[in-house]
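Undergrad: Got a predicted model here, sequence first, then my questions.
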Amino acid sequence: MSMTRFMTNSEPYQSDSSAVQTLITYFSSGSTASDKLMTDQAIINKDSFTDPSIPAPLFDSYNMSRDSIRRHIRQERNALSQAEQNQLALIASRHLLSEIQRISAKRVALYLAFDGELATNKLIKALWKLDIEVYLPRLHPFAKGHLLFIRYTADTVMINNRFNIAEPKLDVGNIATVEQLDMIVTPLVAFDNNGNRMGMGGGYYDRTLAQVIDNKPLAVGYAHDCQQVSVLPIEYWDVPLPVIITPTKRLAI
């Protein structure tokens, strides 16, 4: 596993239970060509924002239950101010856009932020400008616990599902199967240094990721830095992610 940490000189966290070696390189803190696609993001007072170049220690999750970790991390990300959310989402969007361009993706599955997740709205608009198709998940109407991915445009009709999360109205003409996607960007609640992810507990993305063969499509976790923990308790159905991107680092398995 390699991990790229951005804008910090700190050493990587190594889980005692991990047999893999972690390599750290750095994101550039300067602007990139993709920044021009994000220029409508509001500028905030830097003094009101916790600088992501100063990494916080990982939350010690040893001997904690999945529910306890999930509850703590959700509280942490929801404690971020709106200004912090906006700035962190902008920074992370630039890095995720670079990842999308790196693999020349043409069909990308994203999500709309909910419950303090990293926002994706600016990134979605940037992808539209680049003629990259965006797909959003919706609950499968017939296969319980599974997702469908529907193409999302400015004209897509949205409805709220039973979890009160906005999703595209079912349109069979705009469905992309997992194998037709180039990248699936997954929301998550918590992750660790080994690419393990914890979702909300429904297993929807685990069932989706189980369909990925040879990293096609590439599954990318997308999260705040405060969502990283020292270790996650793993179940047999959990599918680790090959790449996780936060505002300050890129973990690659």
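TA: Nice, I can see it.

Undergrad: so Pro217 sits right up against Val185, yeah?
TA: No: if you go by C-beta atoms under 8 Å, Pro217 and Val185 don't touch, sitting 9.8 Å apart. (C-beta placed from N, C-alpha, C; glycine too.)

Undergrad: Which parts of this structure are helices?
TA: Remark: helices assigned in the chain by DSSP state H are 66-78, 82-102, 121-129, 204-209.

Undergrad: Let me have these in a markdown table, extended by distance to His140, mean pLDDT and mean neighbour count.
TA: Converted to a markdown table, those look like this (distance: least, C-beta to C-beta, whole Å; pLDDT from 0 to 100; neighbours: other C-beta atoms under 10 Å):
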| stretch | distance to His140 | mean pLDDT | mean neighbour count |
| --- | --- | --- | --- |
| helix 66-78 | 23 | 91 | 16 |
| helix 82-102 | 25 | 95 | 20 |
| helix 121-129 | 22 | 96 | 18 |
| helix 204-209 | 9 | 92 | 19 |
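
Undergrad: Ok, which of those helices comes nearest His146?
TA: Closest to His146 of the helices of the chain is helix 204-209 (C-beta to C-beta; 5.5 Å).

Undergrad: roughly how far is that closest one from the heart of the chain?
TA: Its chain's C-alpha centre lies 14 Å from the corresponding centre of helix 204-209 when counted by C-alpha atoms, centre = their mean, to the nearest Å.

Undergrad: re the thing from before, residues that sit against both of Pro217 and Val185, list them.
TA: Ala109 (C-beta atoms under 8 Å, 6 or more residues apart in numbering).

Undergrad: hey, where'd the strands end up in this structure?
TA: Along the chain, the segments classed as strands by DSSP state E run 2-5, 107-109, 133-139, 147-152, 158-160, 166-168, 175-176, 183-186, 190-191, 197-198, 218-222, 243-245, 249-252.

Undergrad: Identify whichever of these lies nearest to Pro233.
TA: strand 197-198 (8.5 Å).

Undergrad: So in this protein, where's the weakest helix or strand by average pLDDT?
TA: strand 2-5 (a mean of 45; mean pLDDT, DSSP states H and E).

Undergrad: In contact with the nearest residue to Ala154 once chain neighbours are set aside, which residues?
TA: Of all residues not flanking Ala154 in the chain, Trp128 sits nearest, at 7.3 Å (C-beta to C-beta, 6 or more residues apart in numbering). Neighbour list for Trp128: Val134, Thr153, Ala154 [criterion: C-beta under 8 Å, 6+ apart].

Undergrad: now swap in Trp237 and tell me
TA: Gly203, Asp206, Ala210.

Undergrad: which one of these is nearest Asp60?
TA: Closest approach between the contacts of Trp237 and Asp60, by C-beta to C-beta: Asp206, at 24.9 Å.

Undergrad: For His95, see how far away the closest one is.
TA: The spacing between Asp206 and His95, counted by C-beta to C-beta, to the nearest Å, is 25 Å.
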